[in-house]
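Asks: pasted the sequence and its predicted model underneath.
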Amino acid sequence: MTQALLREIIDYANRANPYPLYEELRKTPVSHDGDGPYVISTYYEIQSLLHDPRISSDAKNLKSTGDDPLGQAEDEGTGTALPPAFLKLDPPDHDRLRRMTNRPFGPPHAPHRVHDMRDELGGLVTGLIDSISETGNLDRVDLVDQFAYPFPVTVICRLLGVPREDEPKFHVWADTLAASLDPDPDADPTQHGKGAMDARMELGMYLAGLIEERRKKPGTDMLSQLATDDGPDGSMTTMEALSTSALLLIAGHETTVNLITNGMLTLLRHPDVLKRLREDPGLSVPIVEELLRYEPPVQLLPQRTTLSDIEVAGVTIPKGASLWLILASGNRDPKRFENPDRFDPDRKDIQHLGLGSGIHSCFGAPLARQEAQLALSELARRLENPRLLEDPPPYRQNAVLRGPRHLPIACDGIRP
Ligand code: HEM
């Protein structure tokens, strides 16, 4: 049954609207058969597990190769792959590396960094919307290729100090790694994960070259700081700096694009909210929070393991079991949210699971929020009479990082 369940969750036929499937899943908060993962679908159970120290994110505890999304498990055979980044580590290594990575990014050492990027982000948004206008073709605009993809990619490149012109190179590696997030029950176990391993190795070698350069001639970018910083936790080893920067590059690449695209799709389906946003850009703050609940770009976390027997909703999950936490299902749990299938930015309480929770909660959250708020408020303000050309739009294959591959719209003009 779990293989059937697993197939249903990753079945492309459910991509445009996975929510009826999640509603079905919530009838059994913990679903499982003989050998597959335990699938957890209700809000409070997911929330508790994300805070439970008996749950591990460490890649070496994963039994199934398909459960190693960012290819974080070490390649013991050749020793050539990167070691796991902190997403895939438990305390104390997770905490040490996250603390070190945070020094150049957030409080207490760099409390202004994200806020100070605001003008730069605003300039990028303006430039991209101007370019749409300059094409002269407003009868068919692809909001993914022309806006939602290039924006966060440029932002993460600038933050890290990765040359934007190298994007076509690492786009391929990032896409391969993102695709490997989807566990494939039919994969040949000897081959599965090989593409991701190769992509990760190439990305590692590419970043190694940049880090080497920055060690010799540091700049103000995060790569330089990760490579040269020497704080209370000491310095990162070269391998730690490499896997951390690979994690930031991918995480900052493949998620925000879906938040912006899911956001515009949702707003175009709710023209009353779009109109309110056009008149009041401040509404972008609750809109983005409600989007992270209603259409979360990370739908599920397929990479947790139990370190001991744990009882969840009356089911004993044994030590060493693999867990899938369906964040997007928890976000629609009627036991937690009133009218959960309603998109309502006026909700008084939007404590969603869209950015995770607990010690692994999203590191880039302040940046992701700021990018999405700016992007959506400017698109709402500048696009005249925007309308969807395809509903639902074509989705990416990926079930874990879910979002449209293209979002074709038309509009009557672009305001200055
Ligand atoms: C809308 C955009 C984003 C969404 C929806 C998102 C979502 C998430 C989620 C759900 C997790 C938890 C993973 C887990 O518990 O296993 C996470 C972790 C993480 N995110 Fe994001 N993310 C976004 C943007 C970003 C950006 C822009 C960055 C980088 C600047 C980033 C960096 C990270 C990192 C490094 C982690 C690992 C944290 C840890 O293990 O302590 N994310 N993100």
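Replies: That came in fine, so what should we check first?
Asks: near the ligand, which residues of the stretch 301-416 of the chain show up?
Replies: Leu301, Gly354, Leu355, Gly356, His360, Cys362, Phe363, Gly364, Leu367, Ala368 (C-beta under 6 Å from any ligand atom). (Glycine included, C-beta is placed from N, CA and C.)
Asks: among those, the buried ones, what's the ChimeraX command?
Replies: This is the ChimeraX syntax for the buried subset of these, where burial follows 16 or more other C-beta atoms under 10 Å:
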select :301,354,355,356,360,362,363,364,367,368
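Asks: JSON lines please, covering the residues of the stretch 301-416 of the chain next to the ligand and showing pLDDT and secondary structure.
Replies: Formatted as JSON lines, these follow (pLDDT from 0 to 100; DSSP: H, G, I helix; E, B strand; the rest coil):
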{"residue": "Leu301", "pLDDT": "95", "secondary structure": "strand"}
{"residue": "Gly354", "pLDDT": "98", "secondary structure": "coil"}
{"residue": "Leu355", "pLDDT": "98", "secondary structure": "coil"}
{"residue": "Gly356", "pLDDT": "98", "secondary structure": "coil"}
{"residue": "His360", "pLDDT": "98", "secondary structure": "helix"}
{"residue": "Cys362", "pLDDT": "97", "secondary structure": "coil"}
{"residue": "Phe363", "pLDDT": "97", "secondary structure": "coil"}
{"residue": "Gly364", "pLDDT": "97", "secondary structure": "coil"}
{"residue": "Leu367", "pLDDT": "97", "secondary structure": "helix"}
{"residue": "Ala368", "pLDDT": "97", "secondary structure": "helix"}
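Asks: which ones are touching the residue nearest to Ile46 when sequence neighbours are not counted?
Replies: Of all residues not flanking Ile46 in the chain, Gly330 sits nearest, at 4.3 Å (C-beta to C-beta, 6 or more residues apart in numbering). If a contact means C-beta atoms under 8 Å, 6 or more residues apart in numbering, then Gly330 has Ser41, Thr42, Tyr43, Glu45, Ile46, Gln47, Arg336, Leu353 as its contacts.
Asks: give me that answer again for 6 Å
Replies: Tyr43, Ile46, Leu353 (C-beta atoms under 6 Å, 6 or more residues apart in numbering).
Asks: the last one touches Leu327, doesn't it?
Replies: If I follow you right, that is Leu353. Yes: between Leu353 and Leu327 there is a contact at 4.3 Å, judged by C-beta atoms under 6 Å.
Asks: coming back round to it: gap between the residue nearest to Ile46 and Phe337?
Replies: Applying C-beta to C-beta, to the nearest Å, the value for Gly330 to Phe337 is 9 Å.
Asks: one step back: roughly how far apart are the residue nearest to Ile46 and Gly354?
Replies: 10 Å.
Asks: kindly report the same for Leu210.
Replies: 31 Å.
Asks: same check on Ser180?
Replies: Taken as C-beta to C-beta, the span from Ser180 to Gly354 is 22 Å.
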